[in-house]
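Trainee: predicted model and sequence below, questions to follow.
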Amino acid sequence: MKTIAVVEDNADNRLLLRAFLADTYEIVEYETGMAALEAFASALPDVVLLDVSLPGMDGLAILARIRGDERLKKLPVVALTAHAMHGDRERFLTAGFDDYVSKPIIDEQILLNALRRLLERA
Ligand SMILES: [Mg+2]
């Protein structure tokens, strides 16, 4: 079973993501980017779902750490963001995210399709 790392500070959102994904994937959850980065040092997930708005180091800063790390830089990372505005998709892809899913997630198929695409590519 492929492993999806969920980096999300909101407990309700983590619960929802687990409900969508747990039948298909192994889920590991982190409340902060630092906790995720520490864990990735010993075990790499197959895909990271990364909330952009996190306390402390935000999603963009965490992504920069991932892309700047020789061991982590190829990890597929999907931005999760509540700030769904025109142009966001391009902005996040330009920043180095592999895909972008806006919250609230109403259609779980969008998320599942994004994960499938990234896992097939890997
Ligand atoms: Mg958040």
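Mentor: Nice, thanks for sending it over.
Trainee: buried ones in the helix or strand bottoming out on mean pLDDT in the chain, by neighbour count?
Mentor: Taking mean pLDDT, DSSP states H and E as the measure, helix 88-95 is the helix or strand of the chain with the lowest mean score, a mean of 89. For helix 88-95, a neighbour-count test (16 or more other CB atoms under 10 Å) marks Arg89, Phe92, Ala95 as buried. Quick note: C-beta positions are derived from backbone N, CA and C, even for glycine.
Trainee: out of those, who's nearest the ion?
Mentor: Lowest distance from the ion to those (CB to the ion) belongs to Phe92, with 14.8 Å.
Trainee: I'd say the closest one and Tyr100 touch.
Mentor: Yes - counting by CB atoms under 8 Å, Tyr100 is a contact partner of Phe92 at 4.6 Å.
Trainee: between these two, what contacts are shared?
Mentor: Ala79, Thr81 (CB atoms under 8 Å, 6 or more residues apart in numbering).
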